[in-house]
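Chemist: everything below, folded, please.
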Amino acid sequence: MASLEPRRTMISTGLYPARKLQDISFDRPFTHQIDLVFPSDPQLEAAFRSLETRFYTSTASLVEVFDAARDLEEQTGPLPDTHALSTDRCIPDVWCLARGVLGVNVTKEVYESLGLQGSKLADVFTGCSAQYSLSLGLYSKNGNTRSPAFIRDALAKWDRTRAEAGQGPWDFAFYLSSPENATGPFSPSLATPHTVAPVIRKFSNVHIPTPTLLPRPQVPRAGRPRHDGMDVDEDPESALEDWNEDMGELFEWLGMANMGAQRLQANDRVDPYVAVYTPPQPSMVGEITHIRWRGLLPPSLVQKIVGTAVSHSANSSTPTPSASARPFIGLTVHGTSHAPVPTPHRIPRPEGEDTVALILAPEEGLGEAVVKAVGGEQTAGRGWSVQAEIEDVQTKVLGRWAMVEAVGKWNARFG
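Modeler: Reported below is the predicted structural model:
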């Protein structure tokens, strides 16, 4: 049995609303699955049930995609919510389009034939094959060292080389916020539509934790006083070890709930020689609801789901008559690991990982806080960034959050 490659994880906690929660959708422009878990609540279920989206699949040459994207931007302006991604069939050759920039990952041979400037990924990652990452703007003002006409000719040459090698056109999926203005391969009449609706399941008689999501205990450096209010008789190292264990158990439960694992059942009687599982404490027995969206999920849908979870917390600090467990929401966003987004650097791989798991626990009496929020409407610039007015907002704290981000091999998200 092959061993799993090492993953790197980062855990953070805080109070919400918080800018970091808004950044989930921005940091991962390509998402293929979202899982949501919470103690069953009809009102909350109804709020998520209405969240749907539609994406398309099509086949075309890359130069046709480039032309269609330029045409669309000329008609509608910047493309903040236009996303396209080729399949992983030809990896390491793969491309994506997001926020007005075409991200391309290619082999050394293809890179040398294109005549375009890119980044050698072997300079970033040790032990990977010779691959290059390119960030190609649709317009020259993006800072390209080559003109859009030169880029188009290079892509057309690559298309011809692929055709001569028998690889044919590209299969890709795409999402458009304004499909009525699209032409060429982005035209809905020439593509296959796919509606993504939430799939809802319920699991009764399961162990449900009661998360508190306390902040990470501070371990002072030698000779420095503590400032976290920890009891003077409490060992900081032990407190941190207990906190890590509690968080690990909580997110393990969330992962098992996403899978509908039988181990969570209160009447589970598995042979202890086969598997042993103890739910996080404290916990109670009740019913949970699991909701899943799967497909090419645009950042706008991801943000709607996160926003719905946060806004619902304003009225969920105490259990509803139909939800006896303490309210909380567990959200898992699965990024598409073969998408060659220019930042952060990564080696596109189908078996890679780029996942964020979030737990929201509403809590009264936490006061107010100043948070960084996006003021006004977000607009995308002609580059791999979003220009938005950031302002300090005084707002009521709704609860606590904890987040675990995990990436696989050859992903520079954590440096």
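
Chemist: when you work out contacts or count neighbours from here on, use the C-alpha atoms and nothing else.
Modeler: OK.

Chemist: what's in contact with the longest strand along the chain?
Modeler: Criterion DSSP state E: the longest strand present in the chain is strand 283-297. Strand 283-297 has contacts (Cα atoms under 8 Å, 6 or more residues apart in numbering) with 30-41, 45, 53, 55, 173-175, 196-210, 257-258, 266, 324-325.

Chemist: recalculate using a threshold of 7 Å.
Modeler: When contacts are defined by Cα atoms under 7 Å, 6 or more residues apart in numbering, strand 283-297 is touched by residues 30-40, 55, 196-210, 258, 266.

Chemist: which ChimeraX command selects the buried ones in those residues?
Modeler: In ChimeraX syntax, the buried subset of the contacts of strand 283-297 is picked out as below (16 or more other Cα atoms under 10 Å):
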select :30,31,33,34,35,36,37,38,39,40,55,196,197,198,203,206,207,208,209,210,258,266
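
Chemist: return the list of strands paired to the longest strand of the chain, each annotated with direction.
Modeler: strand 31-39 (antiparallel), strand 199-209 (antiparallel) (DSSP bridges).

Chemist: buried ones in that strand, by neighbour count?
Modeler: Quick answer for strand 283-297 (16+ other Cα under 10 Å): 284-297.

Chemist: now pLDDT too, for the residues you listed, in CSV please.
Modeler: CSV is the format used below for the buried residues of strand 283-297 (pLDDT from 0 to 100):
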residue, pLDDT
Met284, 93
Val285, 94
Gly286, 94
Glu287, 95
Ile288, 96
Thr289, 97
His290, 98
Ile291, 98
Arg292, 98
Trp293, 98
Arg294, 98
Gly295, 97
Leu296, 97
Leu297, 96
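
Chemist: in these, find the pair that's most separated.
Modeler: Met284 and Leu296 (35.8 Å; Cα to Cα).

Chemist: and the residue nearest to Val101 when sequence neighbours are not counted, how close does it get to Phe66?
Modeler: Leaving aside its chain neighbours, Val101 sits nearest to Gly137 (4.5 Å; criterion: Cα to Cα, 6 or more residues apart in numbering). Distance from Gly137 to Phe66, counting by Cα to Cα, to the nearest Å: 10 Å.

Chemist: pick out whichever of these two has more residues nearby.
Modeler: Gly137 (25 against 22; other Cα atoms under 10 Å).

Chemist: about what we covered before: for the strands paired with strand 283-297, which one sits closest to Asp153?
Modeler: Using Cα to Cα, the nearest of these to Asp153 is strand 31-39, at 30.7 Å.

Chemist: quick one: average pLDDT of the closest one?
Modeler: Strand 31-39 comes out with an average pLDDT of 97.

Chemist: quick check: next helix or strand after that strand?
Modeler: Counting by DSSP states H and E, the next helix or strand C-terminal to strand 31-39 is helix 42-49.

Chemist: helices of the protein, residue ranges please.
Modeler: Using DSSP state H, the helices of the chain run over 19-27, 42-49, 62-76, 108-114, 148-164, 236-259, 299-312.

Chemist: lowest-confidence stretch among these?
Modeler: Across the helices of the chain, helix 19-27 gives the lowest mean pLDDT, at a mean of 87.

Chemist: just the CA atoms of it, as PDB, please.
Modeler: Output of helix 19-27 as PDB, limited to C-alpha atoms (Å, rounded to 0.1, in the frame of the first residue of the first chain):
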ATOM      1  CA  ARG A  19     -11.700  39.600   6.700                       C
ATOM      2  CA  LYS A  20      -9.900  36.200   6.600                       C
ATOM      3  CA  LEU A  21     -13.300  34.600   6.100                       C
ATOM      4  CA  GLN A  22     -14.000  36.800   3.100                       C
ATOM      5  CA  ASP A  23     -10.600  35.800   1.600                       C
ATOM      6  CA  ILE A  24     -11.500  32.100   1.400                       C
ATOM      7  CA  SER A  25     -13.100  32.600  -2.000                       C
ATOM      8  CA  PHE A  26     -10.400  35.000  -3.300                       C
ATOM      9  CA  ASP A  27      -7.500  32.700  -2.300                       C
END
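
Chemist: how far off centre is that helix?
Modeler: 9 Å (Cα atoms, centre = their mean, to the nearest Å).

Chemist: in this structure Val341 contacts Val101, no?
Modeler: No: contact between Val341 and Val101 fails when scored by Cα atoms under 7 Å: they sit 9.3 Å apart.
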